[in-house]
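**Q** The amino acid sequence is not available; the structure is as follows:
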């Protein structure tokens, strides 16, 4: 509508400019001035008014666009802050989740390792992950199971050794008892040998005495025979 008004006023303004320029070009300055002040002025004002209306409308549109741009900028700034805040919150939550996903199995692995180092092999290690932490827990589980097998074998061997040691101790006790019995028998035999030796010694002494008595009797008999012969 504003452009239509301008288009309507422009032909009148152009005709009036030509009407003023003709006497001005002809040197009729007074006539040109009268036309300019009297006839052209209302037409010029009407044309300028339509132009100013369009200019005011454009200024209004520019102001409105500026306000919309400012509002859009504020919305963009709010959106930026909102997205930044959400990004911070999401990053924090993601960091906590990642930290937990890494730290929790690491703590479990350390706990298992400390338990195994303390000599307790009863830990039940559950492996539900396939990442590096899960591989570490799997390795600890295999190590713990291997240690359980080794300890079981060692305990079995130790029980066998204990049983054999008990049997050896029992055999040693039996051997010691038999040795003591043999020593007692030897002591009894030695005592019997001493008694026998005493008896033999006494028999020898008795035999010597008998021999001496027999020798004396023989000498006495010889002396008696000589006496008898002489008689």
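**A** Cool, got the structure. Nothing here was measured: the structure is a model prediction, and the numbers come from that model.
**Q** quick check: longest helix of the protein.
**A** Criterion DSSP state H: the longest helix present in the chain is helix 132-230.
**Q** Mind giving me the packing neighbours of it?
**A** helix 41-117 (3 or more Cβ pairs under 8 Å, 6 or more residues apart in numbering; DSSP states H and E). Yep, even glycine has a C-beta here, placed from its N, CA and C like the rest.
**Q** angle of the longest helix of the chain against helix 41-117?
**A** 10 degrees (axes from the mean of the first three to the mean of the last three Cα atoms, to 10 degrees).
**Q** residues touching residue 36, list them.
**A** Listed by Cβ atoms under 8 Å, 6 or more residues apart in numbering, the contact set of residue 36 reads residue 20.
**Q** How much space separates it from residue 43?
**A** Applying Cβ to Cβ, to the nearest Å, the value for residue 36 to residue 43 is 11 Å.
**Q** Helix, strand, or coil at the spatially closest residue to residue 134 that is not a sequence neighbour?
**A** Take residue 134 and drop its neighbours on the chain: the residue closest to it by Cβ to Cβ, 6 or more residues apart in numbering is residue 127, 5.6 Å away. Under the three-state scheme (DSSP: H, G, I helix; E, B strand; the rest coil), residue 127 adopts coil.
**Q** pLDDT wise, what is residue 127 at?
**A** Turning to residue 127, the model gives it a pLDDT of 70.
**Q** so it touches residue 136, yeah?
**A** No. With contact defined as Cβ atoms under 8 Å, residue 127 does not reach residue 136; the gap is 9.4 Å.
**Q** count of neighbours near residue 7?
**A** Close neighbours of residue 7, defined as other Cβ atoms under 10 Å, add up to 10.
**Q** Find the helix or strand that it is a member of.
**A** helix 2-26 (DSSP states H and E).
**Q** which other helices and strands contact whichever helix or strand comes after that helix?
**A** Where DSSP H and E defines the elements, the next helix or strand beyond helix 2-26 is helix 29-34. Applying 3+ Cβ pairs under 8 Å, 6+ apart, one finds that helix 29-34 contacts helix 2-26.
**Q** Report the separation between residue 158 and residue 182.
**A** 35 Å.
**Q** With residue 101 instead?
**A** In this view, residue 101 and residue 182 are 78 Å apart by Cβ to Cβ.
**Q** Those two - which one has more neighbours?
**A** The residue with more neighbours, out of residue 101 and residue 182, is residue 101; 13 against 10, by other Cβ under 10 Å.
**Q** Can you give me the pLDDT of that one?
**A** The model's pLDDT for residue 101 equals 73.
**Q** gap between it and residue 136?
**A** Distance of residue 101 to residue 136, given as Cβ to Cβ: 13 Å.
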